[in-house]
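Engineer: could you work out the structure for the sequence below:
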Amino acid sequence: MKIRIKGNSLRYRLTKSDVNSLAVEGYIQEQTNFIEQSLTYAIKTGEGDMLTAGYVNNVITLFIPRFMIAELANTDKVGFEEKEGPLFLLVEKDFTCLDNVDEDQSDNYPNPLLQKN
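Structural biologist: Predicted structure coming up:
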């Protein structure tokens, strides 16, 4: 799972394993360790019908409804977005890059643009 933060925007990108774990367990998290403390970012199954987010005790949590998780896991749906007050939320599948990169992309979804070429 990757997170991108820019201003009032949170963007989560999920690998195949992330989506599968979220569908089975209802919760995934990653952690970035700084010298004196850590930042945890997570996705958790939420109630309701929209994406919401919270920040408590150095943990950013995106709450995603069950039906969205099911669509990510079982369909070609790429992602979901929501505007929650001033905050823009996006969760989407992580596709392989079109450029050559050094990071391991073996668990990413196939990029649909590669199939067009």
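Engineer: so, low pLDDT: which residues of this protein?
Structural biologist: 95-117 (pLDDT under 70).
Engineer: for the residue most central in space within it, helix, strand, or coil?
Structural biologist: In the chain, the centroid-proximal residue (CA atoms, centre = their mean) is residue 12; its distance is 3.1 Å. Under DSSP: H, G, I helix; E, B strand; the rest coil, residue 12 falls in the strand class.
Engineer: for it, what are its contacts?
Structural biologist: Residue 12 sits next to 1-3, 41, 43, 62, 90-92 when contact means CB atoms under 8 Å, 6 or more residues apart in numbering. Every C-beta, even on glycine, is put in place using the N, C-alpha and C of the backbone.
Engineer: and the buried ones among those, selectable in PyMOL?
Structural biologist: Typed into PyMOL, the line below selects the buried ones among the contacts of residue 12, using 16 or more other CB atoms under 10 Å:
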select buried, resi 1+3+41+43+62+90+91+92
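Engineer: secondary structure and distance to residue 31 added to the contacts of residue 12, as JSON lines?
Structural biologist: Shown next, in JSON lines, are these (DSSP: H, G, I helix; E, B strand; the rest coil; distance: CB to CB, whole Å):
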{"residue": "1", "secondary structure": "coil", "distance to residue 31": "11"}
{"residue": "2", "secondary structure": "strand", "distance to residue 31": "13"}
{"residue": "3", "secondary structure": "strand", "distance to residue 31": "11"}
{"residue": "41", "secondary structure": "strand", "distance to residue 31": "8"}
{"residue": "43", "secondary structure": "strand", "distance to residue 31": "13"}
{"residue": "62", "secondary structure": "strand", "distance to residue 31": "15"}
{"residue": "90", "secondary structure": "strand", "distance to residue 31": "21"}
{"residue": "91", "secondary structure": "strand", "distance to residue 31": "18"}
{"residue": "92", "secondary structure": "strand", "distance to residue 31": "21"}
